[in-house]
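In: pasting the sequence and the predicted coordinates here, then a few questions.
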Amino acid sequence: MPELRQNFFTKEWVIIATERAKRPEDLATHRPAQNAPAFLETCPFCAGNENKTPPEVTRFPPDMSKPWAVRVIPNKFAALSSDAQPTRSLQHLRRRIDGFGFHEVIIDSPDHSCCMAMLPDEHVAKILGVFKERYNSLSADQRVNHVTIFKNHGADAGASLQHPHSQIIATPVIPSQVRHRLHEALRHFDDAGECMFCHMVEREVEDQTRIVLKSEMFVAMEVFASPTPFATHIFPLRHMASFGEITAAEIVDLARVLRTLLAKIYVGLENPDLNFTVRSGPSDYVGARHFHWYVSVIPRLTRVAGFELGSGMFINTVLPEAAAEFLRKVAVGKAAGATGSAG
């Protein structure tokens, strides 16, 4: 029988369509392999083509005499402008803000052919370290109220260039979706006196049925009311409201978990297009007891159709428990550039 499940964090309902449920392996992309070169002369993100991009914001390592491993540049086609000011105006019911913000590209590596799932854990840790540095640096601007870190992998996920990269956008407002999560988390804390995320993680770790992998500091799981197939969240086991609070040791551990999860999706579902985002409270939420940041990984295996657009309610054709079991069984090892195992 079909069932409706409620998202514990947002209170949104999801339809688990068991009558049209698919085996997880049925959603594999079966896309013909494309062997991309390590260097492409026309790619602006490849090492040696630095003159094809705007002047860089930063790089790792910072020593200009050494080859870069991770590079940050302004987005050439930025959604917002750092030259503007967040001037607000209200005319009747029309509220607006001038288009201030920061939009940066994090080039994951000099290698055009190597997506994050195939990189060594140590290199993914370098990328995450740059994420943290840019998150804290942009958050320090008093005009910025929220910073979003995200990756688009593949054309259906919104990637316009094949070279592996991530992005970061800093905005003068807190997006309504984020604000809604913050509100629900605060309401739960007021009612129960606990972080709803910590509570949920504890219960899921005890139950085990939706856990994909667990390390010393992080756990990756399918959520009970996953809106789409294989939508997987990675939670820090230590309570933190802001991504900017992550320690160096936690970055290393998260790199291992994130890379392993991406590799399981890459191998098990045959390299589907996907998005991931760091869902964090604003930087001034450091120390807040009611919110908990996490990474959301969403493979693009199905399309949003009329019902979803008209109702805001998603239909998931893969049981989250089946998705977790499938990913647990996917072996990656050296095939995905691993230098260690997270689960």
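Out: It's in.
In: got the CA positions of stretch 42-62 in PDB?
Out: Taking Å, rounded to 0.1, in the frame of the first residue of the first chain, the C-alpha atoms of stretch 42-62 are listed here in PDB:
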ATOM      1  CA  THR A  42      39.500  25.200 -24.200                       C
ATOM      2  CA  CYS A  43      38.500  24.700 -20.600                       C
ATOM      3  CA  PRO A  44      38.900  27.800 -18.400                       C
ATOM      4  CA  PHE A  45      39.200  25.700 -15.300                       C
ATOM      5  CA  CYS A  46      42.100  23.500 -16.400                       C
ATOM      6  CA  ALA A  47      45.600  24.200 -15.000                       C
ATOM      7  CA  GLY A  48      47.500  26.300 -17.500                       C
ATOM      8  CA  ASN A  49      44.400  28.200 -18.500                       C
ATOM      9  CA  GLU A  50      44.200  30.600 -15.600                       C
ATOM     10  CA  ASN A  51      44.200  33.600 -17.900                       C
ATOM     11  CA  LYS A  52      40.800  32.500 -19.200                       C
ATOM     12  CA  THR A  53      39.100  33.300 -15.800                       C
ATOM     13  CA  PRO A  54      38.700  36.400 -13.700                       C
ATOM     14  CA  PRO A  55      41.500  37.000 -11.200                       C
ATOM     15  CA  GLU A  56      41.400  34.400  -8.500                       C
ATOM     16  CA  VAL A  57      40.100  35.000  -5.000                       C
ATOM     17  CA  THR A  58      42.300  32.500  -3.300                       C
ATOM     18  CA  ARG A  59      44.000  29.100  -3.900                       C
ATOM     19  CA  PHE A  60      45.300  26.100  -2.000                       C
ATOM     20  CA  PRO A  61      48.100  25.900  -1.300                       C
ATOM     21  CA  PRO A  62      48.400  29.700  -1.100                       C
END
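In: and that stretch, how far out from the chain middle?
Out: Relative to the chain's own centre, stretch 42-62 is displaced by 23 Å; criterion: C-alpha atoms, centre = their mean, to the nearest Å.
In: ok, residues contacting that stretch?
Out: Stretch 42-62 is contacted from outside by 39-41, 67-74, 76, 104-105, 107, 110, 112, 126, 129-130, 133-134, 161-163, 165, using C-beta atoms under 8 Å, 6 or more residues apart in numbering. Every residue, glycine included, has its C-beta placed from N, CA and C.
In: which parts of that stretch are buried?
Out: By neighbour count on 16 or more other C-beta atoms under 10 Å, the buried set for stretch 42-62 is 43-47, 49-50, 53, 56-60.
In: what of stretch 303-317?
Out: Going by 16+ other C-beta under 10 Å, stretch 303-317 has these buried residues: 308, 314-317.
In: just give me the closest of the residues you listed to F9.
Out: Distance ranking of those against F9, using C-beta to C-beta, places F314 first at 14.2 Å.
In: I'd say the closest one and T228 touch.
Out: Yes. Contact criterion C-beta atoms under 8 Å: F314 and T228 qualify, at 6.2 Å.
In: can you read off the backbone torsions of the residue located most distally from the centre of the chain?
Out: Outermost residue of the chain with respect to the C-alpha centroid, by C-alpha atoms, centre = their mean, is H92; its distance is 37.6 Å. According to degrees, to the nearest 10, the main-chain angles of H92 amount to phi 60, psi -110.
In: for the remainder of this discussion, apply numbering that starts at 831.
Out: Done: numbering now begins at 831, and the last item shifts to H922.
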